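Asks: Sharing a model prediction with you, sequence too.
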Amino acid sequence: MASSVTPLEMPELALPDAAHLRGVRRRTIRVLSLGQVLGGVAFGATISLGAVLSSDISGDEAFAGLATAFVTLGAAAVAVPLAALARRRGRRIALGSGMLLALGGVVVVVAAASVRVFPLLLLG
C-alpha cells in the first residue's frame, strides 16, 4: 500500500536567501550587459564591413549602401513576428530565435563572400 502525504506533512521548501539573490542578479546583469555590448559592436561591424564587402563583390562603389539597406529591411521584416513570439512565448525564446536567424544570415553572407555572388550577399 502506497503511503499518501498530505500537504500538512510535506516539508517546507527552503527559499534562497537575500545574498544568493543579489549574486544571481549581479551575474544576470553582467551577462545581459555583455550581450548588449557585443551585439552593438557586431551590428556596427555589420554595417561598416557590409558596405565594404558589398562594394567589393559587386565591383561598383555605388552598391556599397545596398547591403546596409538590406540589413535594415531584414531587421524590420522580423521585428513584428519576433515581438509577437515574445508576447506568446517570452523574451528568451524570441531573443534566441532572433539570434538564430541572424546566425543564418551570417552563414549566407560568408557563403556569398566565398563564391562572390552579390545577390546572395544581399539575401544574407
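Replies: Noted; the coordinates are in hand.
Asks: where do the helices sit along this structure?
Replies: Applying DSSP state H to the chain gives helices spanning 18-58, 64-89, 91-115, 118-123.
Asks: helices or strands up against the longest one?
Replies: Read that as helix 18-58. Applying 3 or more Cβ pairs under 8 Å, 6 or more residues apart in numbering; DSSP states H and E, we find helix 18-58 packed against helix 64-89, helix 91-115, helix 118-123. C-beta here means a position set from N, CA and C on the backbone, and glycine is covered the same way.
Asks: what's the offset of the longest one from the middle of its chain?
Replies: Spelled out, it's helix 64-89. In terms of Cα atoms, centre = their mean, to the nearest Å, the centre of helix 64-89 is set 11 Å apart from its chain centre.
Asks: what does the average pLDDT come to for it?
Replies: Averaged over helix 64-89, pLDDT sits at 92.
Asks: Any regions of this protein where pLDDT drops low?
Replies: Low-confidence segments of the chain, defined by pLDDT under 70: 1-14.
Asks: Centroid-nearest residue for it?
Replies: Closest to where the C-alpha atoms of the chain average out (Cα atoms, centre = their mean) is Met99, at 2.7 Å.
Asks: Could you say which of the helices of the chain is packed most deeply?
Replies: helix 118-123 (a mean of 17; mean count of other Cβ atoms under 10 Å).
Asks: Quick one: distance of that helix to the chain centre.
Replies: That offset, for helix 118-123, works out to 21 Å (Cα atoms, centre = their mean).
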